[in-house]
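> Next comes the sequence, and after it the predicted model I'd like to discuss.
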Amino acid sequence: MSGAPLLSLDGVSLSFRGVTALNALSFDVAPGEICALIGPNGAGKSSLLNVINGVYRADAGEVRFAGERLAAQRRGDAAHLGIGRTFQHNALFARLSVVENVMAGLSREGRAGFFEAVFHLGRDREERRRFRERAERALAFLGLSGEAERVVSTLSYGTQKRVDLARALVAEPRLLLLDEPMAGMNAEEKHAMSRAIAAVNRQFGTTIVLIEHDVGIVLGLSHHVVVLDYGRKVADGRPDEVRADPAVIAAYLGTVH
Ligand SMILES: Nc1ncnc2c1ncn2[C@@H]1O[C@H](COP(=O)(O)OP(=O)(O)OP(=O)(O)O)[C@@H](O)[C@H]1O
């Protein structure tokens with residue numbers, strides 16, 4: 001890793017009424033890399049994303065983004081700083097069209113409120129037109145132009161997850177947090193999502209931190225892997241280093257060849 005990290009965690013701890021979710025966790029994420037967080041259920045992966053995103057505040061330690069300390073951020077500040085996210089459970093508006101959902105990813109930026117930005121309430125038609133163009137570009141990039149006018153609830157699960165990625169991407173985040181972007185997908189959908197994530201990273205240089213359980217996908221997609229267990233860091237390195245780490249093989253990767 002060379003140069004200053006984009007994201008840096010130093011001694012981050014978090015507990016919920018006596019349950020330790022994160023235990024003195026430290027690691028750096030370099031600009032432009034795809035960093036995967038892996039570990040068994042309850043290891044602390046989602047809690048960690050929520051600390052980076054400002055939903056939870058660490059009990060101890062420091063999170064720095066682009067050199068700035070994040071400890072004092074309020075909910076929603078992360079998006080303004082350039083940190084976007086997708087959700088483990090579908091957070092799309094099921095009855096709205098695909099393009100309307102992606103435009104919703106821009107509502108924070110606008111002068112108009114969410115409903116004005118998405119619907120034709122048009123106090124600010126010019127803004128709406130610009131939002132729509134940006135949403136259409138994000139959809140085209142992810143191969144979803146043909147679905148723009150479809151209602152989200154009529155799409156397959158895998159396509160919905162790519163719409164969620166487009167919704168996060170449209171705001172052009174510097175750091176994108178993806179919480180199990182391939183959970184519940186079949187093999188074909190996983191490969192489509194994996195290609196989409198790699199394309200976003202390559203094309204826009206977006207730094208990505210993702211949680212993924214499918215170790216085969218993680219090793220193929222990411223540049224950097226951090227392994228967690230009971231809130232502690234078990235390993236941290238390139239995929240080939242992590243894969244060869246005896247502690248990781250013993251604790252987690254036992255069946256990977
Ligand atoms: N909001 C909460 N309230 C109480 N305990 C919580 C909360 N969120 C997480 N925990 C606890 O913190 C620990 C870490 O959970 P977390 O969800 O971060 O793990 P995870 O690695 O994301 O797990 P999974 O793979 O199952 O999503 C667990 O013991 C969990 O029960």
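Received the coordinates, thanks.

> Which strand or helix spans S107?
Assigned by DSSP states H and E, S107 falls within no helix or strand.

> mind listing the strands for the stretch 101-250 of the chain?
Taking DSSP state E, counting those that start in this stretch, the strands of the stretch 101-250 of the chain run over residues 175-179, 207-211, 224-229, 232-237.

> Partner strands of the last one, with direction?
It stands for strand 232-237. Sheet pairing of strand 232-237 (DSSP bridges) gives strand 224-229 (antiparallel).

> And the second one, by the same measure?
Strand 207-211 pairs in its sheet with strand 34-38 (parallel), strand 175-179 (parallel), by DSSP bridges.

> The first one and the ligand in contact?
No - using CB under 6 Å from any ligand atom, strand 34-38 stays clear of the ligand, coming no nearer than 7.9 Å. C-betas here are computed from N, CA, C, even on glycine.

> Switch the strands of the stretch 101-250 of the chain over to JSON lines; also include mean neighbour count, distance to the ligand and mean pLDDT.
Converted to JSON lines, the strands of the stretch 101-250 of the chain look like this (neighbours: other CB atoms under 10 Å; distance: least, CB to the nearest ligand atom, whole Å; pLDDT from 0 to 100):
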{"stretch": "strand 175-179", "mean neighbour count": "24", "distance to the ligand": "8", "mean pLDDT": "95"}
{"stretch": "strand 207-211", "mean neighbour count": "24", "distance to the ligand": "7", "mean pLDDT": "97"}
{"stretch": "strand 224-229", "mean neighbour count": "24", "distance to the ligand": "7", "mean pLDDT": "94"}
{"stretch": "strand 232-237", "mean neighbour count": "18", "distance to the ligand": "11", "mean pLDDT": "93"}
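
> Nearest residue to R232 in space, please, no chain neighbours.
Nearest residue to R232, sequence neighbours excluded (CB to CB, 6 or more residues apart in numbering): N23, at 4.8 Å.

> Which element, helix or strand, includes that neighbour?
strand 19-29.

> Would you mark the buried spots in that strand?
20-23, 25, 27-29 (16 or more other CB atoms under 10 Å).

> Poorly predicted segments of the stretch 1-150 of the chain, please.
1-2, 71-76, 89, 108-123 (pLDDT under 70).

> List, one by one, the residues from it near the ligand.
Counting by CB under 6 Å from any ligand atom, the stretch 1-150 of the chain sits next to the ligand at 16, 19, 21, 39, 41-47.

> coming back round to it: can you give the strand pairings for the strand holding N23, parallel or anti for each?
By DSSP bridges, strand 19-29 pairs with strand 7-16 (antiparallel).

> I'd like the C-alpha coordinates of the strand it pairs with written as PDB, please.
Provided in PDB are the C-alpha atoms of strand 7-16 (Å, rounded to 0.1, in the frame of the first residue of the first chain):
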ATOM      1  CA  LEU A   7     -10.100   5.300   5.100                       C
ATOM      2  CA  SER A   8      -8.200   4.600   8.300                       C
ATOM      3  CA  LEU A   9      -9.500   2.800  11.400                       C
ATOM      4  CA  ASP A  10      -7.400   3.000  14.600                       C
ATOM      5  CA  GLY A  11      -8.400   1.000  17.700                       C
ATOM      6  CA  VAL A  12     -12.100   1.100  16.900                       C
ATOM      7  CA  SER A  13     -14.300  -0.600  19.600                       C
ATOM      8  CA  LEU A  14     -18.000  -0.900  19.900                       C
ATOM      9  CA  SER A  15     -20.300  -2.800  22.200                       C
ATOM     10  CA  PHE A  16     -24.000  -3.200  22.700                       C
END
